[in-house]
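Peer 1: structure for the following, please:
(one chain, ligands or ions: 1)
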Amino acid sequence: MKRTLTFLAVLAALSTACSLPAYGADAAIAARVQALVQQMTLEEKVGQLNQVVASGLTGPESAESKNVDKRAAIKAGQVGSVLTVKSVRETRELQQLAMQSRLKIPLLFALDVIHGFKNVFPVPLGEAASWDMQAIEHSARIAATEAAASGVHWTFAPMVDIARDPRWGRVMEGAGEDAFLGSAIARARVKGFQGKGLGQLDSVMATAKHFAGYGAALAGRDYQAVDMSLQQLHEVYLPPFKAAVEAGVASFMNSFNTLNGIPATGNAMLQKDILRQQWGFDGIIISDWQSVAEMVRHGFAADLGDAAARAINAGNNIDMEGYAYSGNLARLVREGKVSQGTLDAAVGYVLTKKFELGLFDDPYRYSDAAREQAVLNDPSHRAATRDVARKSMVLLKNDNDALPLTKQVRSIALIGPLADARRDLEGAWTVYSDPEHVVSLADGLRGHVAKGSRVTVTQGCDIACTDTRGFAAAVKAVRAADVVVLALGEGFDYTGEARSYTSIDLPGRQAQLFEQVRAAAHAAGKPVVLVMLAGRPLIFADAAAKADAVLYAWLPGTEGGNAMADVLFGDYNPSGKLPITIPRSLGQVPIFYSYLNTGRPVPEVEALYGSAYRDSPNTPLYAFGHGLSYTSFKYDNLQLSSTRLSGNDKLTVSFDLHNSGKRAGEEVVQLYLRDPVASIARPVKELKGFRKLSLEPGRSERVSFEIDRDLLSFHHADLKWGAEAGRFELMIGSASDDIRLEANFELAD
Ligand code: NOJ
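Peer 2: All right, here's what the predicted structure looks like:
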């Protein structure tokens with residue numbers, strides 16, 4: 001009897017081993033994974049799928065979390081990965097515990113390294129405004145280098161959710177509203193984080209999150225339900241995730257929201273059909289913080305055990321700080337509610353990454369204190385934050401060349417709650433917030449002006465700006481100045497997770513402060529420069545109309561003050577373009593450039609019966625792709641290699657870009673396409689190409705884009721991918737609302 005049982009067990013193990021998917025590209029690793037899985041007990045397998053937080057919460061603390069002895073669990077092989085660990089000391093200590101477990105399977109250490117580690121880069125939405133893929137990749141590269149030197153193996157970034165509602169606080173963490181730009185940025189960030197590949201000591205595993213639809217939360221309220229057509233999902237929300245897979249991303253995180261009623265964490269269509277089968281993803285799929293357990297509150301699972309079964313059966317591998325797997329999965333397998341094969345496959349994905357990182361050869365290889373010191377103190381990293389920050393800033397308006405400022409200016413009145421802010425410039429999701437080392441705008445301006453020039457700093461109020469008692473001093477400061485710079489906007493904690501707002505005006509009475517200072521300045525004939533600091537588009541139409549110049553500086557990071565001063569004084573010619581529309585009013589939200597035309601577009605149809613607001617233009621305050629420079633660019637001589645495209649041919653569109661101003665500068669040229677007649681209505685325009693070019697004054701460059709069938713394809717109503725024959729409209733411009741060149745071409749059958 002005993003013999004038979006053993007034999008059966010071996011058989012079962014063997015058949016499980018055979019049904020395991022081939023992990024990663026490396027056959028040797030796949031073999032090691034299979035061998036290890038066969039040695040593991042059921043409990044040890046479940047352990048690999050259990051992720052716990054070390055210290056510092058990034059979500060609500062559950063009762064299970066409070067009660068569990070995490071150190072003991074690690075020693076017992078009941079934990080596979082730990083989140084929110086950020087130093088060599090800490091990672092060594094925890095890894096030593098894992099080395100006391102029976103099979104000595106090393107832990108993975110994960111952390112939200114979102115926009116920098118020790119050196120803080122602009123918030124991701126700000127970086128996206130650079131439209132500079134090299135800069136974005138470089139930023140992620142440096143963050144990865146620093147994180148990996150501190151023992152971190154895995155970042156929960158990039159967030160590649162498309163977001164079109166600025167009320168949602170996490171709009172700050174993504175790349176904005178557009179699928180094409182978002183996909184390019186997803187690739188750049190994954191490449192930056194993962195560098196030359198897993199296992200390199202300066203590389204971390206990247207995570208494409210949150211899969212999927214999280215950015216479309218109803219009414220901009222975080223965690224809210226998402227209901228959208230599958231066509232829309234595939235056209236707009238999924239492309240950046242697919243791009244991340246193509247770039248080799250190591251892991252995916254699913255999302256908190258329901259998608260058409262089914263929680264993403266328990267969504268087999270997303271995780272199994274699309275991600276694993278259609279896209280061939282072979283990395284780890286992790287839940288979000290307790291998102292397995294939250295399926296109970298969603299009304300999708302009866303209890304924690306049911307949630308665990310639904311999550312793993314739908315393709316979720318790791319349970320993040322949720323205790324749904326640790327408490328139930330072994331039983332569920334014994335009861336046959338989760339198959340041994342499903343469990344082994346999930347464990348295999350996790351072990352593969354541990355092998356690829358080299359942790360089985362040396363579990364401490366990322367935890368070297370001397371390297372940590374050297375890397376974190378590398379001065380080139382800090383310099384890079386300044387470079388990326390200035391590239392991210394968007395000059396929205398510059399009447400009468402109010403900018404750049406001259407360094408010989410006698411006196412600048414710097415006014416506003418963010419004038420001398422440091423912590424706020426870092427934004428949310430900092431690992432080591434180090435406000436003392438942040439350069440404020442006041443520091444930046446002082447460091448740039450000529451000797452003898454004065455910079456006075458008057459806050460007027462704090463960021464919440466409920467108290468107007470400081471306004472008089474602010475107005476007074478205008479008198480002695482030649483120019484006024486107002487630094488307004490939001491603090492670091494206004495955007496990020498769970499930071500949704502129903503009003504995204506300038507906080508409190510900041511608009512009133514602006515108006516009083518502006519009136520005094522203009523009465524005295526002094527220009528007013530408005531510097532906007534925020535992780536989201538704010539509603540500030542009135543101030544924008546009245547300021548002479550507006551610079552949208554986002555939350556620019558450690559060297560933010562220097563970067564802003566570089567732009568304000570013209571040491572750097574601004575080159576950023578909006579990756580997201582800035583609305584005139586909240587009533588226009590959601591607003592984005594790639595909308596459908598309706599049957600009654602205005603002005604084509606008279607306004608009275610047209611698709612228009614009675615109290616506002618349809619157009620935004622500043623459109624997607626908008627951003628000025630201190631020089632000007634002319635677009636000319638458009639040529640198409642052919643006006644007909646057939647089969648697998650390519651069509652080349654080219655034109656001259658000419659720097660017609662007096663300064664060297666960069667321009668982001670944008671290619672938009674429209675399919676005016678299709679089996680499913682297509683947007684009025686869609687970004688399908690862009691390039692950032694640098695030109696000396698008076699110089700021209702011939703720019704070209706290639707168009708092929710794939711670029712004209714879309715998901716049809718039945719979700720099939722393909723292009724439809726007929727006429728296409730091509731637009732080239734400096735912004736989505738500033739089209740300079742247009743042409744038509746035909747796609748043959
Ligand atoms: C919840 C957030 O949604 C996710 O983006 C983050 O990575 C995890 N918490 C871990 O902190």
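Peer 1: and the gap between the residue most central in space within the chain and residue 539?
Peer 2: Closest residue to the average C-alpha location of the chain: residue 174 at 2.4 Å, with CA atoms, centre = their mean. Residue 174 sits 20 Å away from residue 539, going by CB to CB, to the nearest Å. (Each C-beta comes from the backbone N, C-alpha and C, glycine too.)
Peer 1: again, but for residue 576
Peer 2: Look at residue 576 and residue 539: by CB to CB, they are 20 Å apart.
Peer 1: who's more crowded, these two?
Peer 2: Each of residue 576 and residue 539 has its neighbours counted (other CB atoms under 10 Å); residue 576 has more, 31 against 23.
Peer 1: pretty sure the more buried one contacts residue 388?
Peer 2: No. Using CB atoms under 8 Å, residue 576 is not in contact with residue 388, being 10.8 Å away.
Peer 1: residues from the chain in reach of the ligand?
Peer 2: Selection of the chain residues close to the ligand by CB under 6 Å from any ligand atom yields 58, 59, 83, 112, 156, 209, 288, 289, 497.
Peer 1: can you do 8 Å?
Peer 2: With the criterion set to CB under 8 Å from any ligand atom, the chain comes near the ligand through 58-59, 83-84, 110, 112, 156-157, 159, 170, 173, 207, 209-210, 214, 253, 255-256, 288-289, 320-321, 497.
Peer 1: ok, how many other residues are close to residue 102?
Peer 2: Applying other CB under 10 Å, we find 12 residues neighbouring residue 102.
Peer 1: where in this protein is pLDDT low?
Peer 2: 1-25 (pLDDT under 70).
Peer 1: walk me through the domains of it.
Peer 2: 7-372, 379-588, 631-747 (automatic domain parsing).
Peer 1: and those domains: which comes nearest residue 601?
Peer 2: Closest to residue 601 of the domains of the chain is domain 631-747 (CB to CB; 8.2 Å).
Peer 1: what about that closest one, distance to the chain center?
Peer 2: Centre-to-centre, domain 631-747 and its host chain are 25 Å apart (CA atoms, centre = their mean, to the nearest Å).
Peer 1: quick check: the residue of the stretch 451-600 of the chain nearest the ligand.
Peer 2: Per CB to the nearest ligand atom, the residue of the stretch 451-600 of the chain with the smallest distance to the ligand is residue 497, at 5.4 Å.
Peer 1: may I ask which helix or strand encompasses that residue?
Peer 2: Using DSSP states H and E, residue 497 falls within no helix or strand.
Peer 1: and for residue 127?
Peer 2: For residue 127, the host element (DSSP H and E) is helix 124-128.
Peer 1: what's in contact with that helix?
Peer 2: Helix 124-128 is contacted by residues 114-115, 121, 135-136, 139, 157-159, 171-176, 181-182, 185, 388-389, 392-393, 535-536, 553-556, 579-580 when judged by CB atoms under 8 Å, 6 or more residues apart in numbering.
Peer 1: from those residues, which land in helices?
Peer 2: Among the contacts of helix 124-128, the members falling in helices (DSSP state H) are 135, 136, 139, 181, 182, 185, 388, 389, 392.
Peer 1: residues touching the second one, list them.
Peer 2: The neighbours of residue 136, taking CB under 8 Å, 6+ apart as the test, are 127, 128, 130, 185, 188, 189, 192, 388.
Peer 1: quick check: which element contains the third one?
Peer 2: When elements are defined using DSSP H and E, residue 130 is found to belong to no helix and no strand.
Peer 1: tell me, how many residues neighbour it?
Peer 2: Using other CB under 10 Å, residue 130 has 29 neighbouring residues.
Peer 1: name the nearest residue to it, sequence neighbours excluded.
Peer 2: Excluding the flanking residues, the one nearest residue 130 by CB to CB, 6 or more residues apart in numbering is residue 391, at 4.0 Å.
Peer 1: contact partners for that neighbour?
Peer 2: Taking CB under 8 Å, 6+ apart as the test, what residue 391 contacts is 130, 132, 135, 572, 575, 576.
Peer 1: now do residue 137
Peer 2: By CB under 8 Å, 6+ apart, the neighbours of residue 137 are 188, 189, 191, 192.
Peer 1: give me the buried entries from the residues you listed.
Peer 2: 188, 189, 191, 192 (16 or more other CB atoms under 10 Å).
Peer 1: ok, those residues vs the ligand, which is closest?
Peer 2: So of the buried ones among the contacts of residue 137, ranked by how close each gets to the ligand (CB to the nearest ligand atom), first place is residue 189, at 14.1 Å.
Peer 1: and that closest one, what element?
Peer 2: Taking DSSP H and E as the definition, residue 189 sits inside helix 179-194.
Peer 1: may I have the residues that are in contact with the closest residue to the ligand within the stretch 601-749 of the chain?
Peer 2: Shortest the stretch 601-749 of the chain-to-the ligand distance, computed as CB to the nearest ligand atom: residue-wise this is residue 624, at 24.7 Å. Residues near residue 624 by CB under 8 Å, 6+ apart: 176-178, 578-581, 592-594, 687, 735-736.
Peer 1: any chance of JSON lines for those residues, columns neighbour count?
Peer 2: Listed next are the contacts of residue 624 as JSON lines, based on neighbours: other CB atoms under 10 Å:
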{"residue": "176", "neighbour count": "23"}
{"residue": "177", "neighbour count": "28"}
{"residue": "178", "neighbour count": "28"}
{"residue": "578", "neighbour count": "26"}
{"residue": "579", "neighbour count": "27"}
{"residue": "580", "neighbour count": "28"}
{"residue": "581", "neighbour count": "29"}
{"residue": "592", "neighbour count": "22"}
{"residue": "593", "neighbour count": "23"}
{"residue": "594", "neighbour count": "22"}
{"residue": "687", "neighbour count": "22"}
{"residue": "735", "neighbour count": "19"}
{"residue": "736", "neighbour count": "25"}
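Peer 1: out of those, which sit inside strands?
Peer 2: With DSSP state E as the criterion, strands contain 687, 735 from among the contacts of residue 624.
Peer 1: quick one: contacts for the nearest residue to residue 133 once chain neighbours are set aside?
Peer 2: Of all residues not flanking residue 133 in the chain, residue 188 sits nearest, at 4.4 Å (CB to CB, 6+ apart). Listed by CB under 8 Å, 6+ apart, the contact partners of residue 188 are 133, 134, 136, 137, 140.
Peer 1: picking that back up, identify the contacts common to residue 576 and residue 388.
Peer 2: Here residue 576 and residue 388 have residue 130 as joint contacts, going by CB under 8 Å, 6+ apart.
Peer 1: stretch 94-109: how far from the chain's middle?
Peer 2: Relative to the centre of its chain, stretch 94-109 is centred 32 Å away, using CA atoms, centre = their mean.
Peer 1: and if you look at stretch 479-491?
Peer 2: 30 Å.
Peer 1: equivalent analysis for stretch 243-255, please.
Peer 2: Here stretch 243-255 is found 13 Å from its chain centre; the criterion is CA atoms, centre = their mean.
Peer 1: check stretch 441-458 too.
Peer 2: Counting by CA atoms, centre = their mean, stretch 441-458 is centred 33 Å from the centre of its parent chain.
Peer 1: start to end distance for it?
Peer 2: Terminal residues of stretch 441-458 are spaced 12 Å apart (CA to CA, to the nearest Å).
Peer 1: next, the buried residues of that stretch.
Peer 2: Applying 16+ other CB under 10 Å to stretch 441-458 flags 441-446, 448-449, 453, 455-458 as buried.
Peer 1: what does it rub up against?
Peer 2: 407-415, 418-421, 439, 470, 473-474, 476-477, 480-481, 485, 487, 531, 560-566, 568-569, 571.
Peer 1: cross those against strands and list the overlap.
Peer 2: Using DSSP E, the contacts of stretch 441-458 in strands are 411, 412, 413, 414, 415, 485, 487, 531.
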